[in-house]
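Peer 1: Quick one: sequence and predicted model below, then my questions.
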Amino acid sequence: MEPRRWLIAGVIVFAALWGWRELAVRAQRERIASHNAEISRLTVENERLADQNKKLNFELNVLAMAGTKAFNATSAQGSVRIFVNPLGQGVAIVEKLPSNAYELSVLRTDQLKMQSVATFDVPPAGAKTVSLEHLPAISLIKSFSLTTR
């Protein structure tokens, strides 16, 4: 009977060690899953920040370029300040406009009709910057117009 007790004791110790190892493996898997979720969250945040950095660099380059000209676009709701550089790139700076959807249009000196250059939504805070590309040359811009959509 003595060998049987040793066998039972061995089986119990083996089962306890096996269970302990399984708990450790499960805990490690949960840590790995948690780390992977954090990596995914940080990757998305990094991409968002990279996009924001790209937008800010574009806006800074437009504003800092020699020859950049400022325009105003007004509507019944408020106004927008537009800066256009010689490369036909621009930035519209929106301040204190009611939350709404807006369309920004340009009137060229060589045309009779306004052309839409951007549509955008203004958040409840009322402030926003809008990047503008493919604008006409500064010498061809007569005025800008802002309308609600």
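Peer 2: Right, received. Where do you want to start?

Peer 1: any low-confidence regions in this protein?
Peer 2: By pLDDT under 70, the low-scoring segments of the chain are 1.

Peer 1: the strands in it, which residues?
Peer 2: Taking DSSP state E as the test, the strands found in the chain are 69-74, 79-84, 90-94, 100-108, 115-122, 128-132, 141-148.

Peer 1: of all these, which lies closest to residue 8?
Peer 2: In terms of CB to CB, the element of the strands of the chain nearest to residue 8 is strand 115-122, at 73.2 Å. (Each C-beta comes from the backbone N, C-alpha and C, glycine too.)

Peer 1: Flag every buried residue along the closest one.
Peer 2: Buried positions in strand 115-122, judged by neighbour count with 16 or more other CB atoms under 10 Å: 117, 118, 120, 122.

Peer 1: And the furthest pair within those?
Peer 2: 117 and 122 (16.2 Å).

Peer 1: Pick the one among the buried residues of strand 115-122 closest to residue 94.
Peer 2: Nearest member of the buried residues of strand 115-122 to residue 94, counting by CB to CB, is residue 122, at 5.8 Å.

Peer 1: Dead centre of the chain: give me the residue that sits there.
Peer 2: Nearest to the geometric centre of the chain sits residue 48, at 4.6 Å (CA atoms, centre = their mean).

Peer 1: From residue 59, how far off is that residue?
Peer 2: Going from residue 48 to residue 59 by CB to CB, to the nearest Å gives 17 Å.

Peer 1: What of residue 78?
Peer 2: According to CB to CB, residue 78 and residue 59 sit 20 Å apart.

Peer 1: Show me which of those two is the more surrounded one.
Peer 2: residue 59 (20 against 16; other CB atoms under 10 Å).

Peer 1: What is the burial count for the nearest residue to the more buried one once chain neighbours are set aside?
Peer 2: Nearest residue to residue 59 in three dimensions, chain neighbours excluded: residue 91, at 4.7 Å (CB to CB, 6 or more residues apart in numbering). Using other CB under 10 Å, residue 91 has 21 neighbouring residues.

Peer 1: Ok, the one 4 residues further on next?
Peer 2: Applying other CB under 10 Å, we find 14 residues neighbouring residue 95.

Peer 1: Right, I'll leave it there.
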